[in-house]
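In: A predicted structure for the sequence below; I have some questions about it.
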Amino acid sequence: QTGKLVDKLFYRAEYMRRQALRSFSHVISNNLDLHSIANQLIESVQKAIRANSVMMLMKDEERGIYQIFHNSSQIFRPDLSIPNDNPIVLWFESDHSSLSRQEMNSLPFFKSMWDKEKKTLDELGIEVIIPIKSRSEVIGLLMLSRKNNNTAYNVDDIDLLTYLGASTGVAIDNARLYSRSQSEAMTDSLTKLRNHRYFHRALQEQIEKLGSGELSLLMIDLDLFKLFNDLYGHVEGDNALETVAAILTRNVGQKGIVCRYGGEEFTVLLPRYDTKMAFDLAEKIRMDIEKTFFSMNDVTQRFLTASIGVCTYPYAAPNTEELLKRADIAMYTDDKEVPLREVLNNVKAKENGAVASIDPKEATPEELATYFAQILPNYDREHVHTGDIKKLIIWYNILINNGITDFDEDLKETEGDNIDDRK
């Protein structure tokens, strides 16, 4: 009778193992979600081994530690982290497939562990640790406490756990590769900002999420960037784009979503920002860009400014299409009609082909306005900001210093009909 009972228990345990393996293999075969993989691993371990508690730690590359990623308890989440240079990690890097509490407490290899670390593992009742590896790298740790029936972990248990750990490593590797490829597809390779594709997805998601709530959009264009590239080369152009990306990221922070829309254009999505709040941030960004490039060494050789359009959903635009269109229009409205080549030619005539006699850096707004009135006397100055006048004079000096004096011919490719031309 006793023999039959033992056989029954053995076959039941074996059946549970096979069911756990079958279920786990089926679920993770095409699973690319890390949390789902971790959850399935722990469920399978508990089903097959019947451990009181199971914890899965994952490697945090930036912090250099292994920390709890998922555990069997929905309520209790232990405060546990294992440094990369911990003897436990080194043990598994030496190709050991498991570690028991007895080995940890008795082997000289683990004498360098801090007493606090050992005490924490003892308090959690950790009996067995299994590595989760990907291409020989220990990317995670599986920790198990005592079994429900208080029996010791046997060879079959360890073999099963080793198999599950190895399978999980492959699944996690696949999930990470997929996640990385998805991220790269949504990331601009130069600035590391989100790209055009991500912007449109995020815009639609934010509209749906906010409902009737406000969403402001900033459209940012770097003025005469084609000319900047022509003068200083694409390496300097790339450096400038990276600098602007850093300025945007610094000013926006966690308040919004910064993207490189394409070329020299950037966008910023600002959930729950009204027009006034968005305009204030836009002006702060515009001034930061101008100040950054204006204060660099050899200023006249690396000057760069930006034009920014602001529009807010749903009050100024009823849908995403109109939001984009109106923010784009707003970016060029103020100085759209100022004839750039005519201005530059008039400055050249006034200065007899030399650099400007006025210092745009030191001149007062009144002095700049007076100078502009002399260059374009019939133009309504109300449409031109002080910053635009300063920008024109600086660009004139840059062109003269670089030997570009035939503005009608040399600026054809920049389509220089306006101060801020998109080409």
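Out: That came through, no problem.

In: Residue 121 against residue 104, yeah?
Out: Yes - the pair residue 121 / residue 104 is scored as a contact, 7.4 Å apart, by CB atoms under 8 Å. C-beta: built from backbone N, CA, C; applies to glycine.

In: Past the helix or strand hosting residue 103, which element shows up next along the chain?
Out: Using DSSP states H and E, residue 103 maps to helix 101-106. Scanning forward in sequence from helix 101-106 by DSSP H and E, the next helix or strand is helix 115-123.

In: Identify all contacting residues around that next one.
Out: Residues outside helix 115-123 that contact it (CB atoms under 8 Å, 6 or more residues apart in numbering) are 78, 80, 82, 86, 101, 104, 105, 143.

In: who's in contact with the third one?
Out: If I follow you right, that is residue 82. Listed by CB under 8 Å, 6+ apart, the contact set of residue 82 reads 57, 65, 66, 67, 88, 89, 117, 141.

In: which residues does it bridge with?
Out: residue 66 (DSSP bridges).

In: For residue 127, see how far away it is.
Out: The gap separating residue 82 from residue 127 is 16 Å, by CB to CB, to the nearest Å.

In: swap in the last one?
Out: Using CB to CB, we find residue 143 at a distance of 9 Å from residue 127.

In: ends of stretch 49-67, how far apart?
Out: Stretch 49-67 stretches 23 Å from its first residue to its last (CA to CA, to the nearest Å).

In: Please apply the same query to stretch 118-128.
Out: Terminal-residue distance, stretch 118-128 (CA to CA): 13 Å.

In: Pull the distance from it to the chain's centre.
Out: 37 Å (CA atoms, centre = their mean, to the nearest Å).

In: Any buried residues in that stretch, and which?
Out: The neighbour-count check on stretch 118-128 (16 or more other CB atoms under 10 Å) flags 120, 121, 124, 126, 127, 128 as buried.

In: go on, stretch 36-56?
Out: For stretch 36-56, the neighbour count (16+ other CB under 10 Å) marks 37-46, 48-49, 51, 53-56 as buried.

In: Low-confidence stretches in the stretch 151-300 of the chain?
Out: Scanning the stretch 151-300 of the chain for pLDDT under 70 picks out the ranges 295-300.

In: try 80
Out: The stretch 151-300 of the chain contains residues with pLDDT under 80 at 179-180, 182-184, 294-300.

In: can you map out the helices along it?
Out: Per DSSP state H, counting those that start in this stretch, the stretch 151-300 of the chain carries helices over the ranges 155-185, 196-210, 225-232, 234-252, 275-294.

In: Present those helices as a markdown table; the columns should include mean neighbour count.
Out: Formatted as a markdown table, the helices of the stretch 151-300 of the chain follow (neighbours: other CB atoms under 10 Å):
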| stretch | mean neighbour count |
| --- | --- |
| helix 155-185 | 16 |
| helix 196-210 | 15 |
| helix 225-232 | 19 |
| helix 234-252 | 17 |
| helix 275-294 | 17 |
